[in-house]
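>>> Task: produce atomic coordinates for the following.
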Amino acid sequence: MSSKKGTSREGSSNSKAKAGDRSNKIANEGKKYVAKKIGLVEKKAGPMAYLQKGKTTGMYAIKDGKINDMYGGAASKATDDYLVETGQVKVGNYFKKEGGNFIRISKKEGEKLYAAGDPSISRSTLGNTKSKELKYGKSNSAMGSGDPSGIMTSTAISQPMHKRQQQIKAMTLAALSFVSPSPVSTLLRMGAMESYGKMGQAGYSQYLNKFYSNISGETSSYASKGTVNENTKDKEVASANITKTRTSGETTTGGDTRFKSLAAISTGGSGATDDDRGFLSKKGKVIKSKRITV
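Coordinates of the predicted model:
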């Protein structure tokens, strides 16, 4: 009896391992697809910067001769395209941006304009927990966090995107410090000052070192925040916040809250690191302090 149980457990472990290997392969191929589609380039240090020689000092995207260093939105769109092409998600609705609104249009019109590369056209996707994991990793974190299991999370952000992220974090911490009691307020102000200090190239270089360490698994690893349910019903994930519909004329609020938060970080759709995202979202978190004698 024990032999059969052991065999069953081994078979289950092997199946999970194979599923994990397949997911990693899809994520790796997706990362390459996105980098090629948006023209992602690693900028290397020049020969005179001998301490950084051969190392990545920046990232930017270039398409049709135009440089884009706020490429979060382009990367997200390319990721969705890859997941659609590989059958991981289905296409939902099509939207056309008019001013600050996204107007839902017919599928026929949307497919035609999207295929033509109209930049004002976006579309939502229908997927499950597994497809969401392929995009945002097992950690369900944001773009550039370094989680190798996701396409967006394993795509590094640019220096301008990192600067915007640190600005948002610094302003948030500074604002919280004014309404928090001591010594928490002091810690929050220190955190704000630290974020301001990371806005330059030195802070960005630190981010890149951490990002590539995470990708290679040298300093940290990401664990799943829950059990993946392959049978989860398809859910629609909008690539923009929908405010109106042309067909009904009714105002609706929808879209994935993730895209709202990404838009708040930068117009390019960049995201914060996993630590940044978790700071305000974890309830009941106790911030400890200690007295330092100078």
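>>> and residue 73, how many neighbours?
If you count neighbours by other CB atoms under 10 Å, residue 73 ends up with 22. In short, each C-beta sits where N, CA and C put it, glycine included.
>>> What score does residue 254 have for pLDDT?
Listed pLDDT for residue 254 reads 42.
>>> same deal with residue 168?
Looking at residue 168, its pLDDT stands at 92.
>>> burial count for it?
Using other CB under 10 Å, the number of residues around residue 168 comes to 18.
>>> name the element it belongs to?
Residue 168 is part of helix 159-178, with elements assigned from DSSP states H and E.
>>> quick one: residue 130 is in a helix?
Yes. Counting by DSSP: H, G, I helix; E, B strand; the rest coil, residue 130 is part of a helix.
>>> quick one: it and residue 98, what's the gap?
Noted for residue 130: a distance of 34 Å to residue 98, by CB to CB, to the nearest Å.
>>> quick one: which of these two has more around it?
residue 130 (17 against 12).
>>> gap between that one and residue 111?
Distance from residue 130 to residue 111, by CB to CB: 25 Å.
>>> And residue 57, by the same measure?
Going from residue 57 to residue 111 by CB to CB gives 41 Å.
>>> for residue 23, same thing?
For residue 23, the distance to residue 111 - CB to CB - is 29 Å.
>>> Please identify which of those two sits among more neighbours.
Legend: neighbour count by other CB under 10 Å for residue 23 and residue 111, higher for residue 23 (18 against 15).
>>> Where does the more buried one fall, secondary structure wise?
helix 2-38.
>>> Quick one: name whatever helix or strand follows that helix.
Criterion used, DSSP H and E; the element after helix 2-38 is strand 40-44.
>>> what angle separates that next one from helix 159-178?
90 degrees (axes from the mean of the first three to the mean of the last three CA atoms, to 10 degrees).
>>> Dump the C-alpha coordinates for the helix holding residue 168 into PDB.
This file holds the C-alpha atoms of helix 159-178, laid out as PDB (Å, rounded to 0.1, in the frame of the first residue of the first chain):
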ATOM      1  CA  GLN A 159      15.700  55.000 -15.500                       C
ATOM      2  CA  PRO A 160      12.900  57.600 -16.100                       C
ATOM      3  CA  MET A 161      10.300  55.000 -15.100                       C
ATOM      4  CA  HIS A 162      12.300  54.200 -12.000                       C
ATOM      5  CA  LYS A 163      12.600  57.900 -11.200                       C
ATOM      6  CA  ARG A 164       8.800  58.400 -11.500                       C
ATOM      7  CA  GLN A 165       8.300  55.400  -9.300                       C
ATOM      8  CA  GLN A 166      10.500  56.800  -6.600                       C
ATOM      9  CA  GLN A 167       8.900  60.200  -6.800                       C
ATOM     10  CA  ILE A 168       5.400  58.600  -6.200                       C
ATOM     11  CA  LYS A 169       6.800  56.600  -3.300                       C
ATOM     12  CA  ALA A 170       8.500  59.600  -1.700                       C
ATOM     13  CA  MET A 171       5.500  61.800  -2.000                       C
ATOM     14  CA  THR A 172       3.200  59.100  -0.500                       C
ATOM     15  CA  LEU A 173       5.500  58.400   2.400                       C
ATOM     16  CA  ALA A 174       6.000  62.100   3.100                       C
ATOM     17  CA  ALA A 175       2.200  62.700   3.100                       C
ATOM     18  CA  LEU A 176       1.700  59.700   5.500                       C
ATOM     19  CA  SER A 177       4.400  61.100   7.800                       C
ATOM     20  CA  PHE A 178       2.200  64.200   8.500                       C
END
